[in-house]
Structures are given as structure tokens and as C-alpha cells.
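Trainee: sequence first, predicted coordinates after that:
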Amino acid sequence: TERAEAIHRRFLAFDDRAVLTDNVFGYLWSKLAYAAMLFATALTDDSIADALAHPTTRDVYADLAREVVAVARAAGIRLEAFDGFDPTAFDPGAGIDPAERSLDGLVAHNRKAAARDGKFDAHQRDEGYRIELAFDEVTRIAQESGVHLHVSHLQAFGRINWPKMDVILEKADAFLAGGGRVTWDRYPYLAGCTVLTAVLPQWTFSEGTKVLAQNLLKPDFRDRIREDFQKGLDVWNNRSISVGWSNMVVSAVNSDKNRWMEGRTVADLAKTCDKDPLDFVFDLLAEENLAVTMISHYGSEEVLDKVLGHPQATVGSDGIYGGRPHPRLYSAYPRYLAEFVRVRKIFDLPEAIRKVTSFPAAILGLKDRGTLREGAWADIVLLDPERVADTATYDAPEQYPEGIPYVFVNGELVVDRGAFTGRLPGRALRKL
């Protein structure tokens, strides 16, 4: 429609100002903002409220938040929850320790979301050395506001941080015992996928992404970053220590000339190009205008089992399209059913199915989804428990799973005997 096209044009006018920070806040935010603008009648104001809670560099975040609020209102999205909301009230530039920062703005904002049965969907500000403080921060916001906290893909980066997950889960149990509400999701893999800019210190994004791509060509800017890479995990989330260059794989680039790099580690590529790993990263990001994604092999099977095995956990694919993607894009749920149910027997089948159907529907407040009952929408996956399996691998990720002969969406058959029917009956969902 004419209105949708106008919204689209306005979005494109500020999309390139989104900031790709240490936890990909800008990336997720820009994509959700795009969906919110074009599907104004499908997303609730609570959903947008959740998105605005993602911290990124202060000034760019504030400008982007104001613009999105303005565009959302022009699109007719109900925004009562934003009355009196000040996007500058939360300063992500301060220390991560909740004792060192004011969370009043986010508490007040989430108190409004809680009153509307909204959610505080938080991508924690640290998933490494300071993960405990990051978890304390989001639970404090949830506790003081009364909102339901949902943590996006709860994880601990790097061997040195694996033991911290025991502390996090103890904190979660204590929070629940005290009357708090917290859930989380996690993908069933030991590697994650994000943008390569995630390896950079957060201060590098202070002038926006366009300027960052230019700054990476400046020797003094590079030298300042190098100084940070000499510092330990107690100072910042230095992924060269917590993950290591040999465990970071370039998964997608923007240009054809660098396509040969996809699927190879940063350490290997740096050696091939006769460069220091940092120089390789600087050069590649500048050349690709930051459009590079990576797969990081950081995880522990024991930690994954604890996180996903907790009663408050559900599954999320967290996939990113492009290049040689993470296999979770094609196989997250089949892998979960094969590995956690049939092979390792961590869950029985009914509990495993509940954790990815009625449970996440309840988290999202979708009352007519996630269960097989009269009057509910018929979103149905027919699978063979003895055959369902992931076929996607890190080397060949774009492979469809086995053992799923039929899929219905809104009552219409979209997969028939393993083949796509061409029907697209899905719709954006609004929480009623």
C-alpha cells in the first residue's frame, strides 16, 4: 500500500544509522523496527517496547528510538506504553554493574509493559566474563517493574566462563522462588553466529557504523583498538581470549571477491593473507563495509544441557541468512528432537514437544497457538520420532531435515510428503 511504501522509505532513511554493537543490538533492532513499521497491525506496542529496551550507543540509540516511535505513530501503531518514555534515560555507556548505573528509565518503562502483560525480552549486555553482573542487571529491572523477563539465547562464551552458568541458573531459581518471572531460549548447538564487528570494543561504534568503517582504515584508531586487545576479560569482552581466532569462522561476506573466505577461520585467513589477525579483521570489515558474519565455536555440551534442560528454557534458532550460514538456520528443532530426545534421552518426547509448542506460546501470550485443541489455529508438524534428524552441518548448512513428512500452517498443508506445496498461509501474529 501507499502507506507501507512511505513507511519503508522512512525506515531506509535511518536504517544505516543502526549500530552493530558487541551483542548485535543494532542489527536485531533494525530488523525488528523494519517489521514493526511494515506490519503495523501485526505487532503490539509491547513488542516495540521490548525492542526499545535493547541498549546500544547512547546518542544513536536515542535518535533511532525517537524516529521509530514517530514512524510507528504515523503508521497507526498503538503506543500508549510510550507515554512519558525518554529514550535517553538509559545510558549504556556507564559500567555494567547495576550498582553503578541508574536503571530507573528501564524500570519505569517495563512497569508499563508489565501492566499490559508485556515482556522484557533482553539480550544480555555480557555473555562472558561479566555475565553474572549482566544477569543481575536484567533481573533487577524485572524485579522492580514486575515484568516477565525473557533472556534471549542464554549462553556463556568461552571455557573460562562455563562455570559461571551454574551461578546464573542458581540466581534464576532464586528469582523464581522470590516470585519473579523469568524464561529463556537457547539453540541446541555449541557454536553461535553473529556479526564480525562483535569482536570490536563497544566504544568503536560511538560515531555510527558508516564512520566506523572509515575509522578502521586509520592507523591511530587501529592502535587504540590494539591496546584494548592487550587487556583481559576483567576489562572487556575480549573474544580473542574467550573464544580465540582459531574458533571464529567467517560465514558470510558481501562482496564476490571475498567469497572464498567463507567457511574458514580468522586465524587461517590471517595466515593465508600474511597478516596479523587484528589487521585482517580491520581490513576485511572496512572492505566489506562491516557486512561480515561469523560463527564462533565457544560452547560446552555440559553447559548447553543445563541451560536447555531447565524447566524455564525453550528453544530458539537465532539464525542469520547469507553466505555459509549456521546450520541452526535449517535444523535447530530437528536437531533438538533427535539429539536431546532420541539419542541422549535428556527429555521424553511429550516434554520435549511441550518446550517448543505450548510453552513458548504461553511466554508470548498467544492463547490460540501451541496446542492441539478445538478452536485453536491448526499449526501442526507431523514427524517420525525415530527418523527426525538434522542433516545441516557447518560445512554444508543449507540442508533440510529428515523425518518431517507433513506440516500445516493455519490449517493449510505447506509440506506434503516432505515437499513444499507452495502455499504461504502464515501471518504476523498479534497478541490479543
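Mentor: Received it, and whenever you're ready, just let me know what you need.
Trainee: show me the contacts for Leu278.
Mentor: Contact analysis of Leu278 by Cβ atoms under 8 Å, 6 or more residues apart in numbering lists Arg222, Ile225, Arg226, Phe229, Ser240. For the C-beta atoms, the positions are set from N, CA and C on the backbone; glycine is no exception.
Trainee: Phe221 - nearest residue in space that isn't next to it in sequence?
Mentor: If the residues on either side of it in the chain are set aside, Phe221 comes closest to Asn215, at 4.4 Å by Cβ to Cβ, 6 or more residues apart in numbering.
Trainee: where does the stretch 1-150 of the chain have low pLDDT?
Mentor: Scanning the stretch 1-150 of the chain for pLDDT under 70 picks out 1-101.
Trainee: still on that earlier bit, can you pull the contacts of the residue nearest to Phe221?
Mentor: Counting by Cβ under 8 Å, 6+ apart, Asn215 has contacts Thr204, Glu207, Phe221.
Trainee: separation between it and Met248?
Mentor: Asn215 sits 21 Å away from Met248, going by Cβ to Cβ, to the nearest Å.
Trainee: do the same with Ala378
Mentor: Distance from Ala378 to Met248, by Cβ to Cβ: 42 Å.
Trainee: show me the strands in this structure, by range?
Mentor: Per DSSP state E, the chain carries strands over the ranges 119-122, 148-151, 182-186, 191-195, 248-252, 264-265, 293-297, 313-315, 380-382, 406-409, 412-416, 419-420.
Trainee: need the ones you listed in a markdown table with mean neighbour count, can you?
Mentor: A markdown table is the format used below for the strands of the chain (neighbours: other Cβ atoms under 10 Å):
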| stretch | mean neighbour count |
| --- | --- |
| strand 119-122 | 26 |
| strand 148-151 | 24 |
| strand 182-186 | 23 |
| strand 191-195 | 21 |
| strand 248-252 | 25 |
| strand 264-265 | 17 |
| strand 293-297 | 24 |
| strand 313-315 | 21 |
| strand 380-382 | 14 |
| strand 406-409 | 17 |
| strand 412-416 | 15 |
| strand 419-420 | 10 |
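Trainee: next, format these as JSON lines and append distance to Met165.
Mentor: JSON lines is the format used below for the strands of the chain (distance: least, Cβ to Cβ, whole Å):
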{"stretch": "strand 119-122", "distance to Met165": "17"}
{"stretch": "strand 148-151", "distance to Met165": "12"}
{"stretch": "strand 182-186", "distance to Met165": "11"}
{"stretch": "strand 191-195", "distance to Met165": "14"}
{"stretch": "strand 248-252", "distance to Met165": "21"}
{"stretch": "strand 264-265", "distance to Met165": "25"}
{"stretch": "strand 293-297", "distance to Met165": "17"}
{"stretch": "strand 313-315", "distance to Met165": "12"}
{"stretch": "strand 380-382", "distance to Met165": "30"}
{"stretch": "strand 406-409", "distance to Met165": "34"}
{"stretch": "strand 412-416", "distance to Met165": "36"}
{"stretch": "strand 419-420", "distance to Met165": "38"}
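Trainee: so which of those is nearest Leu176?
Mentor: strand 182-186 (6.4 Å; Cβ to Cβ).
Trainee: helices or strands up against that closest one?
Mentor: Here strand 182-186 touches strand 148-151, helix 164-177, helix 301-309, strand 313-315, going by 3 or more Cβ pairs under 8 Å, 6 or more residues apart in numbering; DSSP states H and E.
Trainee: how far out from the middle of the chain is the first one?
Mentor: Translated: strand 148-151. 13 Å (Cα atoms, centre = their mean, to the nearest Å).
Trainee: can you check the longest one too?
Mentor: Between the mean C-alpha point of helix 164-177 and the mean C-alpha point of its chain there is a distance of 21 Å (Cα atoms, centre = their mean).
Trainee: no further questions, thank you.
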